[in-house]
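Peer 1: Here is a sequence together with a model predicted from it:
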Amino acid sequence: MDPRKAVEDSRAKIDMWIKVKPPPAHFPHHYTLPERIEDTPEIIKKFLGPAEDFFRENNLREFFAAFPRDCQIIDAACFQDQVEELLIKPIESLYPIIINAPPDLACESLISAAYGMLQLYLWHDQVNIQPVPGPEALQVAGGIAQRAKSALGRAGKSQDDWLDTIIRVEIVLGWTQLRAGDIDQAIGHFLYLVGWYMAAEELGYQEVVHKRYDDWLHALYAIVDMGHAPRHQAWISTAAALLKNLRIGQRHINPFRIEPVPRTSIGSTLDLHLQTAFVDQEWQRGVQRLGDKSGFVDIIATDWFIHARFTRRGENLSFKSPLPQVNRPAPPGERPRGTYPLNSTSSLLEPVVKSPDGKNKGHELTELVSEWHPTGHTSKRVRWVSWFQTAKVHQEGTRWTWNFNWKANIPTFEEELWRVVYATVFAKVIKAAEAAGINHLIISPDGSLTAMPHHLVRDPAGRRLGDRFLVSYAPNLNGLLTILDADELPKNGINAFLIEDPRGSASLAEWECEKSAAIIGAAARVIARKDATSDRIKAICVGATILHFTGHAVFNWPKPEDSYLQLGGDGRLTLSDLQSLKLRPGALVFLSACDTGRRTISGKRTNSRGIVSALFEAGAATVICTLWPVHSIAAALVSTWFYENWIGQGKGRLESLQEAIQRLREASYSECEQAIGERFYMNGEKPFEDEYYWGAFVLYGAW
């Protein structure tokens, strides 16, 4: 085979492995048995045991592995042929080409071999499949990568190919130094990898950006996992900001200052300047903007650890815990379900409804809220946990049974998950915050903890975090700084628009909008439902300082970019529509609609998407939203009481929201009826004291 073709083929196969390899955090999987029994891998035979005979006798081909370790073992067996084809053979084919090859071909052969060796090492290391290559194998890969880096200047590569090569060089060298125990050197290589990757973005090399995305992620998570010395703190903050990427208005959060400069003396290669002083200055400025009573809690879940960093003026504390195990309880009489790791990629689809005969009714929980939440539900029967906000309701006899359609391995429920999250994330943070006299926590979660209701997490004594502190949420420290910079809402000149439920199905939407508009004053205008079209909303939002939306939202778990606010008929405000709104800097958006605060990842672990992030991109500084379906009366009361506090009494936005929520919790039946001017029917003297009714309301951004 032609040497150049052999190198291209090897490089393509190694890149293919990145796309097809099983993830280190294994999900419950469905597997298919081969048609012929003799083709069944031994590892699957061992896993199924006598069950394989039952499957084949009944012509069943699919089986389900629910435990991560089982999935890990089965995946390793299923992928073994691909490891041979996509990694081992391509690496072996490169060795003869390295000798006596021209500089560009030798350089590509060297780095492809080193990069392939790294991927083989990492896969064995992650899935713990024997035999695991020893550290010496990685050292060999590092030595080859160093030779490739030395040859890179003579290779005469184009800029895009040069960037692709140097990114692969830095990931190999970073892991080599990491395994050798030189943390500073490893972080240095990972930082340069991130810098080169961002240079590729800046220069528009989309193929490089697409192919090296996983390496960029690995570098960012490695910086977070390993960087704990004080000199690393600015870079950890930078990595966290990049993992939780965001735009504020038209400004892109880009904590690196990058200057990719062509070096014409050695062809079309580039030089890279990372301005570390700028990064440190921005981080320090963000800390100072928190004030004396606020602390920032940055939470990141990697493949191996959960990190919580507590930042306040004059103090920065880091806490690191191995990924915790959560017990998945079994129904009475069934064997234990085992333990599952709380990891960075877990997710859950919407709960589904099953009829007594076992058939799906075909509705999502969000469509059926009005059928069940007024009928005497209690906190013991409903728990909202983790970013997927799931509800557990079980009724006996001929009534409906509400179950879950699980997609991944986060288990339920109740005290177990709360206890684990509190112990791994909040216990030390709360101790430090209370010692410092902090009364406000700004929480910035990542990964599988993105939209978890952290303000409802309980300590062992049952105290909620939100009952001990004011709690708000933010995208990241750099994003929060940009939000605060944009928070220029004037004392005078308020320009407010309140949109009445375009679909006409929210019972108190008209009352809520009219009441809130009266509190805001003459500058407020109510947009009637018949006028609430997409074009009309886009027009009124130009320069708006307050946007209040009543109605309904749809959040798409598998594709969050397809989420939207519902308008009349088939109309909708999509995420791209919301991003394009031209709100006045510092605008407040109040979304009095279900599910508007939900966020999740789109394909990858970073860049959580949702309606909130789209509104920040439109220039909003504060977004008040909901994490799950909300009762229309509760939403109307919280909204109007918020404006009474904020506009009427001049209190802060977060304080105003918290007081409105507390008032709802304590409100008597008669007080609620008097407020809305009509009768309604619910159980209890305090109809909205359950956390389901008030716990959904959260504030993102400036407080």
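Peer 2: Sure thing, it's come through. Residues are numbered from 1 along each chain as shown.
Peer 1: Contacts for stretch 35-46, please.
Peer 2: Outside of stretch 35-46, the residues within contact range by Cβ atoms under 8 Å, 6 or more residues apart in numbering are Tyr31, Leu33, Pro34, Glu52, Arg56, Arg61, Ile73, Ile74, Ala76, Ala77, Cys78. To be clear about C-beta, it is placed using only N, CA and C from the backbone, and glycine gets the same treatment.
Peer 1: For the closest residue to the fifth one other than its chain neighbours, grab the count of nearby residues.
Peer 2: Right, the one you point to is Arg56. Nearest in space to Arg56, with sequence neighbours left out and distances taken as Cβ to Cβ, 6 or more residues apart in numbering, is Ile37 at 6.5 Å. Per other Cβ atoms under 10 Å, the neighbour tally for Ile37 reads 11.
Peer 1: List the buried residues in stretch 270-290.
Peer 2: Under the neighbour-count criterion of 16 or more other Cβ atoms under 10 Å, stretch 270-290 has Leu270, Leu272, Leu274, Val279, Asp280, Glu282, Trp283, Gly286, Val287, Arg289, Leu290 buried.
Peer 1: Quick one: mean pLDDT for that stretch?
Peer 2: For stretch 270-290, mean pLDDT is 75.
Peer 1: quick one on the thing from earlier: out of the buried residues of stretch 270-290, which are inside strands?
Peer 2: Per DSSP state E, strands hold the following members of those: Leu270.
Peer 1: Adding distance to Trp235, write the buried residues of stretch 270-290 out as a markdown table.
Peer 2: Output for the buried residues of stretch 270-290, formatted as a markdown table (distance: Cβ to Cβ, whole Å):
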| residue | distance to Trp235 |
| --- | --- |
| Leu270 | 21 |
| Leu272 | 15 |
| Leu274 | 9 |
| Val279 | 7 |
| Asp280 | 9 |
| Glu282 | 12 |
| Trp283 | 9 |
| Gly286 | 14 |
| Val287 | 15 |
| Arg289 | 20 |
| Leu290 | 20 |
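Peer 1: Among the buried residues of stretch 270-290, which one sits closest to Tyr693?
Peer 2: Taking Cβ to Cβ as the measure, Leu290 is the one of the buried residues of stretch 270-290 closest to Tyr693, at 31.0 Å.
Peer 1: Roughly how far does that closest one sit from Val698?
Peer 2: From Leu290 across to Val698, the span is 19 Å (Cβ to Cβ, to the nearest Å).
Peer 1: quick revisit: nearest to Asp182, of the contacts of stretch 35-46?
Peer 2: Ala76 (30.3 Å).
Peer 1: give me the element the closest one is part of.
Peer 2: Element membership for Ala76, per DSSP states H and E: helix 68-83.
Peer 1: Now do whatever helix or strand comes next after that helix: everything it contacts.
Peer 2: Reading on from helix 68-83 to the C-terminus, the next helix or strand found by DSSP H and E is helix 89-98. When contacts are defined by Cβ under 8 Å, 6+ apart, helix 89-98 is touched by residues 3, 6-7, 9-11, 13-14, 105-106, 109-110, 112-113, 116-117, 120.
Peer 1: chain center to helix 89-98: distance?
Peer 2: In terms of Cα atoms, centre = their mean, to the nearest Å, the centre of helix 89-98 is found 39 Å from the chain centre.
Peer 1: so what does the next helix or strand after it touch, helix or strand wise?
Peer 2: Per DSSP H and E, the first helix or strand lying C-terminal to helix 89-98 is helix 103-127. Packing partners of helix 103-127 (3 or more Cβ pairs under 8 Å, 6 or more residues apart in numbering; DSSP states H and E): helix 3-20, helix 68-83, helix 89-98, helix 135-152, helix 159-180.
Peer 1: most tightly surrounded among those?
Peer 2: Comparing the helices and strands packed on helix 103-127 by mean neighbour count (mean count of other Cβ atoms under 10 Å), helix 159-180 comes out on top with a mean of 23.
Peer 1: tell me the angle that one makes with helix 135-152.
Peer 2: 150 degrees (axes from the mean of the first three to the mean of the last three Cα atoms, to 10 degrees).
Peer 1: okay, the angle between helix 159-180 and helix 3-20?
Peer 2: Orientation check (the same axes, to 10 degrees): helix 159-180 against helix 3-20 gives 60 degrees.
Peer 1: can you dump the C-alpha coordinates of helix 159-180 into CSV?
Peer 2: Coordinates of each C-alpha in helix 159-180 appear next as CSV, following Å, rounded to 0.1, in the frame of the first residue of the first chain:
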residue,chain,number,x,y,z
GLN,A,159,-2.8,25.7,9.3
ASP,A,160,-5.9,23.5,9.8
ASP,A,161,-3.9,20.3,9.6
TRP,A,162,-1.2,21.8,11.8
LEU,A,163,-3.8,22.7,14.4
ASP,A,164,-5.3,19.2,14.2
THR,A,165,-1.8,17.7,14.8
ILE,A,166,-0.8,19.9,17.6
ILE,A,167,-4.0,19.2,19.5
ARG,A,168,-3.3,15.5,19.3
VAL,A,169,0.3,16.1,20.4
GLU,A,170,-0.8,18.0,23.5
ILE,A,171,-3.4,15.5,24.6
VAL,A,172,-0.8,12.7,24.5
LEU,A,173,1.8,14.7,26.3
GLY,A,174,-0.8,15.9,28.8
TRP,A,175,-1.8,12.4,29.7
THR,A,176,1.8,11.2,29.8
GLN,A,177,2.7,13.9,32.3
LEU,A,178,-0.4,13.2,34.3
ARG,A,179,0.3,9.5,34.7
ALA,A,180,3.9,10.4,35.5
